[in-house]
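**Student:** Mind looking at a prediction? Sequence and model below.
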Amino acid sequence: MPRPKKERRIGCRPAHSCFKPNGIPMSQLDSIALAPDELEAIRLVDLNGLNQQAAAQELGVSRQTLGNIVASARHKVAQALVKGMALELQPVSQQSLIGGVDEQCSSAHKQDK
């Protein structure tokens, strides 16, 4: 039996539920799901420029776990872009949001600048 997954601290919720190629109905596309912790990890590392140790502390996981999450997220994003797939962003649970803050990632990033 695997260990229970440790609760991740998510800083914001995605502004949209999916991204897909323009002009193709969702019903005609294969899709790949991006978990909330994967989106948060690439937001912290790639968008906000945190090093992996600092990002791991923000997310509430070890540095090694963060590296695994980032690698998985980048692979999924690359796969969606190259293969023309829809990227579905899974919803964030309210208890995962840091301090219960319920703001969209797009507005959170504007405040970071």
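**Tutor:** Sure, I can see it. Predicted, not measured: the structure shown is a model, and the values here were computed from it.
**Student:** For Glu88, grab phi and psi.
**Tutor:** Per-residue torsions, Glu88: phi -90, psi 120 (degrees, to the nearest 10).
**Student:** Distance of it relative to Asn22?
**Tutor:** 16 Å (C-beta to C-beta, to the nearest Å). For every residue, glycine as well, the C-beta is placed using N, CA and C.
**Student:** So for the two, which sits in the more crowded spot?
**Tutor:** Glu88 (16 against 4; other C-beta atoms under 10 Å).
**Student:** Tell me the confidence at that one?
**Tutor:** We have a pLDDT of 95 for Glu88.
**Student:** for Pro87, what are its contacts?
**Tutor:** You called it Pro, but residue 87 is Leu. Cys18, Phe19, Lys20, Ser31, Ile32, Leu34, Lys76, Val77, Ala80 (C-beta atoms under 8 Å, 6 or more residues apart in numbering).
**Student:** repeat that for 10 Å
**Tutor:** By C-beta atoms under 10 Å, 6 or more residues apart in numbering, the residues touching Leu87 are 16, 18-20, 29, 31-34, 39, 76-77, 79-81.
**Student:** Roughly how far does it sit from Glu58?
**Tutor:** 23 Å.
**Student:** Repeat that for Arg74.
**Tutor:** Counting by C-beta to C-beta, the gap from Arg74 to Glu58 is 18 Å.
**Student:** between those two, which one's more packed in?
**Tutor:** Glu58 (20 against 15).
**Student:** Pull the contacting residues for that one.
**Tutor:** Glu58 neighbours (C-beta under 10 Å, 6+ apart): 8-11, 40-41, 43-45, 48, 50, 66, 98.
**Student:** mind checking pLDDT for it?
**Tutor:** Looking at Glu58, the pLDDT reads 93.
**Student:** Can you tell me the element the residue nearest the centre of the chain falls in?
**Tutor:** The residue lying closest to the centre of the chain (C-alpha atoms, centre = their mean) is Leu39, at 0.8 Å. Counting by DSSP states H and E, the element that carries Leu39 is helix 36-42.
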